[in-house]
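S.K.: test case, fold it:
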Amino acid sequence: MAAALAGFRITQGTQYHQFALGVLLSSVSLLVLLFLVEVIWQAVAAALARERRG
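M.R.: Predicted coordinates:
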């Protein structure tokens, strides 16, 4: 799938470095999103733990 998408992008005139930069930015965005989800998950878990302890 990714190879087909890369081939399509390159044949449509998009420069390889632009495509690679897009993939890199998407990867970084995904990592930031996962980091934020982890932080929120830990905050909720800590709040629930405090509530259970009373």
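S.K.: low-confidence ranges, the protein, go.
M.R.: 1-14 (pLDDT under 70).
S.K.: can you map out the helices along it?
M.R.: Under the criterion DSSP state H, the chain carries helices at the ranges 2-11, 16-53.
S.K.: format the ones you listed as a markdown table; extra columns: mean neighbour count.
M.R.: C-beta: built from backbone N, CA, C; applies to glycine. Putting those into a markdown table (neighbours: other C-beta atoms under 10 Å) gives the following:
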| stretch | mean neighbour count |
| --- | --- |
| helix 2-11 | 11 |
| helix 16-53 | 10 |
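S.K.: distance check, Phe19 against Leu25.
M.R.: 11 Å (C-beta to C-beta, to the nearest Å).
S.K.: what's the overlap in contacts for the two?
M.R.: In terms of C-beta atoms under 8 Å, 6 or more residues apart in numbering, Phe19 and Leu25 are not both contacted by any residue.
S.K.: find the residue at the geometric middle of the chain.
M.R.: When the chain is reduced to its mean C-alpha position, the nearest residue by C-alpha atoms, centre = their mean turns out to be Leu30, at 0.5 Å.
S.K.: any idea how far that residue lies from Val37?
M.R.: Shown here: Leu30 relative to Val37, a distance of 11 Å by C-beta to C-beta.
S.K.: and for His17?
M.R.: Shown here: His17 relative to Val37, a distance of 30 Å by C-beta to C-beta.
S.K.: likewise for Ala43?
M.R.: In this structure, Ala43 lies at 11 Å from Val37, with C-beta to C-beta as the measure.
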